[in-house]
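> 3D, please:
(2 chains)
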Amino acid sequence: ILNVEQSPQSLHVQEGDSTNFTCSFPSSNFYALHWYRWETAKSPEALFVMTLNGDEKKKGRISATLNTKEGYSYLYIKGSQPEDSATYLCAFTSGTYKYIFGTGTRLKVLA
Amino acid sequence: DAMVIQNPRYQVTQFGKPVTLSCSQTLNHNVMYWYQQKSSQAPKLLFHYYDKDFNNEADTPDNFQSRRPNTSFCFLDIRSPGLGDAAMYLCATSRDTYEQYFGPGTRLTVT
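You can find the predicted model right below:
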């Protein structure tokens, strides 16, 4: 059974703090790892699609790294702002249009 | 501008009464997905369409059916909703295996 794990489940940080979360996924039959941000009452929004081992992607203050050999990806947020408060989801695919999501990391940034 | 639209946002149905959830997209994407997310759990893929080709996940109950009459629309039919089918239902689209674009979801309550 393929499983995607995210940690921590939730966290609270102060505005201005930097933070990171982990997504663990199967290291075999890897095709891509997606990161999404899901704000309350809105649609999940794609952040990154990562495909190559060693990939590093960045969008503003948010960045992500990928290690396909050991099966993990980190998402980093530098200088967290209240508007970063959301649930961050990762999804693994072996390229068959089947996406296996983690349960997400719920981030709350306190002003 | 909304790109993936789901109607209604909230749906209440009675135990055993058939219900249909709808999804439409303006992106002209060839792949459409339906996910079920129960409280605090990961979104779970129910099925997807690649163009007109329907792909059911092995563990999706027979109670769940889908229709895609054209590129823009996709429907989720629950033939006889049970209490355990209460969940958030997310529709998503993609161009092949690129990132998915999600609708805001329909929260289904079964009374």
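
> so where's chain A uncertain?
Within chain A, the set of residues satisfying pLDDT under 70 comprises A:1.

> Mind listing the residues bridging to the closest residue to chain B within chain A?
Ranking the residues of chain A by distance to chain B (CB to the nearest CB) places residue A:46 first, at 3.7 Å. For every residue, glycine as well, the C-beta is placed using N, CA and C. On the basis of DSSP bridges, residue A:46 is bridged to residue A:36.

> repeat for residue B:89
residue B:36, residue B:106.

> measure it to residue A:2 for me?
If you measure residue B:89 against residue A:2 using CB to CB, to the nearest Å, the figure is 22 Å.

> When the two are compared, which one has more neighbours?
residue B:89 (23 against 12; other CB atoms under 10 Å in any protein chain shown).

> and the gap between the more buried one and residue B:69?
For residue B:89, the distance to residue B:69 (CB to CB) stands at 18 Å.

> Next up, the contacts around residue B:33.
A:97, A:99, B:45, B:47-49, B:91-94, B:100 (CB atoms under 8 Å, 6 or more residues apart in numbering or on different chains).

> Narrow the residues you listed to those in strands?
Counting by DSSP state E, the part of these found in strands is A:99, B:45, B:47-49, B:91-94.

> from those residues, which is closest to residue B:56?
Nearest to residue B:56 among those, counting by CB to CB, is residue B:47 at 4.7 Å.

> and residue B:5, what does it touch?
The contact partners of residue B:5, taken as CB under 8 Å, 6+ apart, are B:23-26, B:103.

> Which ones among these also lie next to chain A?
Of the entries in the contacts of residue B:5, the ones placed beside chain A under the rule of CB under 8 Å from any CB of the partner chain are residue B:103.

> need the residues of chain B near chain A, please.
Within chain B, the positions adjacent to chain A are B:4, B:31, B:33, B:35, B:40-45, B:48, B:50, B:55, B:57, B:90, B:92, B:97-105 by CB under 8 Å from any CB.

> Repeat the analysis, applying 6 Å as the threshold.
Applying CB under 6 Å from any CB of the partner chain, one finds that chain B approaches chain A through B:42-43, B:45, B:48, B:99, B:102-104.

> Neighbour count and pLDDT added to those, as CSV?
As requested, the residues of chain B next to chain A are arranged in CSV below (neighbours: other CB atoms under 10 Å in any protein chain shown; pLDDT from 0 to 100):
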residue, neighbour count, pLDDT
B:42, 20, 95
B:43, 29, 96
B:45, 24, 96
B:48, 26, 96
B:99, 18, 92
B:102, 25, 97
B:103, 24, 96
B:104, 18, 95
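
> check contacts around the residue sitting nearest the centre point of chain B.
The centre of chain B sits closest to residue B:34, judged by CA atoms, centre = their mean, with a distance of 3.3 Å. Neighbouring residues of residue B:34 by CB atoms under 6 Å, 6 or more residues apart in numbering or on different chains: B:46-47, B:76, B:91.

> What of residue B:68?
Taking CB under 6 Å, 6+ apart as the contact definition, residue B:68 lies against B:49, B:74.
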